[in-house]
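1. give me a 3D structure for the following:
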Amino acid sequence: MVKDISIVGSGLVGVVLAISLKKKGYTVTVYDRSEDIRNIDFRGRSINLALSDRGWRILTELGIDGEVRELGIPMSARAIHTESGEVKYQQYSIKRDSIWAISRGGLNKDLISIAEREGVVFRFDTPIWDIDLKEGILYTAEHERDQWMAIKTDLIFGADGAYSRVRGKMQKQSRFEYQQSYLHLGYKELRIEAGVNGEHKLPKNSFHIWPRKDFMFIALANVDGSFTCTLFMPYEGEISFKTVVSDDEINSFFTTYFKNVENLIPNYLEQYKENPVNSLVTMKCFPWVSEGKVALIGDAAHAVVPFYGQGLNAGLEDVYVLNKIISESKEDDWETIFEKYQDERKPNGDAIAELSYRNFKEMSEDTADDMFLLRKKIEGKFAAQYPDLWLPLYDRVTFSTESYVSALAEGDRQARIMDQVMSVDNINEKWDRDEVMDIIKDLL
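-> Okay, the predicted model is just below:
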């Protein structure tokens with residue numbers, strides 16, 4: 001009978017999984033090689049989270065959504081900052097729904113405290129060097145070369161991120177499929193501090209984006225009046241982290257492409273030089289489970305790039321689906337539980353990886369294109385008139401719990417239709433006429 005469950009990794013998905021399993025009556029211990037994040041300054045190496053419907057679903061089910069909302073700020077639109085200095089707004093949802101900007105470090109710290117309150121045990125500074133997949137044994141020591149101590153457990157979840165040690169052990173099995181790819185882009189964090197009275201220096205309920213085709217800058221509000229900003233830029237090339245290095249190069253870069261940023265971040269030069277460049281990885285693998293004893297979850301199973309804001313939401317949906325399967329299954333039939341979990345989530349992990357990769361072009365390039373914005377207006381008008389016939393792809397991914405697989409397929413179908421609509425003569429003059437709406441209906 002399963003009693004003791006071990007989770008490797010104290011990131012967001014691992015901690016929410018721990019809370020979920022603890023509420024079902026299991027003894028849950030979380031192991032992490034790092035120190036307690038509550039004692040760490042998390043700034044300088046993070047991208048703020050965009051929490052949406054899929055993530056909220058499990059947090060609501062666990063009864064902790066209210067505490068999490070106190071950490072976040074709802075965002076209902078993109079604020080697109082053009083090179084000329086004009087700001088254009090694009091609503092996220094036809095129903096005016098919002099995504100929530102939340103500090104990754106702040107949320108992680110609070111969730112650990114919530115989990116401890118529920119009775120979850122955390123073992124920080126406890127690196128896992130090896131795993132016996134068949135017997136369910138974790139091996140730990142202060143250093144890898146030291147004598148290992150065995151930790152026997154009934155089940156193991158690898159929630160230890162894109163570079164998972166648990167998955168690394170599974171990869172040594174025959175026929176394990178593994179694919180890892182890096183974007184040519186890296187990212188660097190900057191920060192807009194709050195105003196003198198603690199106020200936000202930009203409208204806080206928008207996702208701010210400075211699209212510049214090959215690179216872009218984004219800003220998401222924090223509850224303390226600050227904004228966490230991220231610069232995405234190629235590692236190499238004419239304009240890249242390799243070429244924007246000296247003080248003169250950095251100053252020229254910001255004053256040329258982000259004119260208002262220097263007013264928002266007076267010390268951008270110091271921040272740029274101090275904060276590291278981080279990589280962006282997509283990872284796919286199969287299988288996600290082993291021996292009815294071990295399972296991967298979150299980024300350990302399906303790491304994605306951040307351009308759809310769905311990395312955390314996909315991981316939390318893993319927890320939701322697993323929670324539901326456990327509730328509906330025979331007690332302790334974990335081999336079947338794991339197989340069902342893998343069968344449902346693996347295709348969706350692949351689908352959100354594809355969607356996330358595609359959305360970089362939309363964020364960095366298309367949002368600065370007037371014809372793209374017109375295309376979105378036409379979609380929005382048609383969806384408002386015929387909500388039963390059309391739900392835009394962004395709404396499907398972000399403001400629904402429809403499967404990622406279905407959203408990707410339907411999004412491709414809608415894209416083909418909109419390509420034909422945008423080829424109509426003088427579409428920019430007659431976009432809101434009934435004849436255009438009728439064209440979409442006919443194509444549907």
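2. can you pull out the strands in the stretch 201-350 of the chain?
-> 206-211, 216-221, 227-234, 278-286, 289-290, 294-296 (DSSP state E, counting those that start in this stretch).
3. what's the closest of those strands to residue 437?
-> Residue 437 lies closest to strand 206-211 among these, at 28.4 Å (C-beta to C-beta). C-beta coordinates here come from the backbone N, C-alpha and C atoms, glycine included.
4. quick one on the thing from earlier: now the strands of the stretch 201-350 of the chain as a markdown table including mean pLDDT?
-> Output for these, formatted as a markdown table (pLDDT from 0 to 100):
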| stretch | mean pLDDT |
| --- | --- |
| strand 206-211 | 95 |
| strand 216-221 | 95 |
| strand 227-234 | 95 |
| strand 278-286 | 95 |
| strand 289-290 | 96 |
| strand 294-296 | 98 |
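5. so who does residue 80 touch?
-> Taking C-beta atoms under 8 Å, 6 or more residues apart in numbering, we find residue 80 in contact with 87-90, 209, 211, 367-368.
6. tally of neighbours for residue 313?
-> Residue 313 has 26 neighbouring residues, counting by other C-beta atoms under 10 Å.
7. now the one 5 residues further on
-> For residue 318, the number of neighbouring residues by other C-beta under 10 Å comes to 29.
8. now the nearest residue to it once chain neighbours are set aside: how far from residue 26?
-> For residue 318, ignoring the flanking residues on the chain, the nearest one in space by C-beta to C-beta, 6 or more residues apart in numbering is residue 297 at 4.9 Å. According to C-beta to C-beta, to the nearest Å, residue 297 stands 15 Å off from residue 26.
9. check residue 196 too.
-> According to C-beta to C-beta, residue 196 and residue 26 sit 50 Å apart.
10. just residue 407 next, same as before
-> To residue 26, residue 407 is 33 Å away according to C-beta to C-beta.
11. so which residue is smack in the middle of the chain?
-> residue 311 (2.6 Å; C-alpha atoms, centre = their mean).
12. have a look at this structure and report its longest strand.
-> In the chain, taking DSSP state E as the definition, the longest strand is strand 177-192.
13. any idea of the angle that one forms with strand 206-211?
-> Taking axes from the mean of the first three to the mean of the last three C-alpha atoms, to 10 degrees, one finds that strand 177-192 is oriented at 100 degrees with respect to strand 206-211.
14. which one's more surrounded, residue 196 and residue 26?
-> Taking other C-beta under 10 Å, residue 196 and residue 26 do not tie; residue 26 has more neighbours (18 against 7).
15. where do the helices sit along the stretch 101-250 of the chain?
-> All helices of the stretch 101-250 of the chain, identified by DSSP state H, counting those that start in this stretch, fall at 104-118, 165-170, 247-257.
16. those helices: which one's closest to residue 272?
-> Checking those against residue 272 by C-beta to C-beta gives helix 247-257 as the closest, at 5.3 Å.
17. got the contact list for the closest one?
-> Taking C-beta under 8 Å, 6+ apart as the rule, helix 247-257 contacts 83, 210, 212, 215, 239, 243-244, 261-262, 268-269, 272-273.
18. what's the local residue count around the residue lying closest to residue 314 once chain neighbours are set aside?
-> Computed as C-beta to C-beta, 6+ apart, the closest residue to residue 314 that is not its neighbour in sequence is residue 352, at 5.0 Å. As a burial measure, residue 352 scores 24 neighbours (other C-beta under 10 Å).
19. the residue nearest to the centre of the chain and residue 104, how far apart?
-> According to C-beta to C-beta, residue 311 stands 10 Å off from residue 104.
20. direction included, what does the strand or helix carrying residue 88 pair up with?
-> According to DSSP states H and E, residue 88 maps onto strand 87-91. Using DSSP bridges, the strands paired with strand 87-91 in its sheet are strand 77-81 (antiparallel).
21. now residue 27: closest residue in space that isn't a chain neighbour?
-> What sits nearest to residue 27 in space, not counting adjacent residues and going by C-beta to C-beta, 6+ apart, is residue 4, at 4.9 Å.
22. was I right about the one you found contacting residue 22?
-> No: the pair residue 4 / residue 22 is not scored as a contact, 11.7 Å apart, by C-beta atoms under 8 Å.
23. neighbour count: those two, which is higher?
-> When residue 4 and residue 22 are compared for neighbours, residue 22 comes out ahead with 18 against 14, by other C-beta under 10 Å.
24. doesn't that one lie inside a strand?
-> No: applying DSSP: H, G, I helix; E, B strand; the rest coil, one finds residue 22 to be helix, outside a strand.
25. how close does it get to residue 255?
-> Distance of residue 22 to residue 255, computed by C-beta to C-beta: 52 Å.
26. over to residue 224?
-> In this view, residue 224 and residue 255 are 28 Å apart by C-beta to C-beta.
27. follow-up on the earlier one: which residues does the residue nearest to residue 314 contact?
-> Counting by C-beta under 8 Å, 6+ apart, residue 352 touches 302, 304, 308, 310, 314, 397, 404.
28. by neighbours, which of the contacts of helix 247-257 wins?
-> Among the contacts of helix 247-257, residue 210 has the most neighbours (other C-beta under 10 Å), with 25 neighbours.
29. does that one touch residue 217 like I think?
-> Yes: contact between residue 210 and residue 217 holds when scored by C-beta under 8 Å: they sit 4.1 Å apart.
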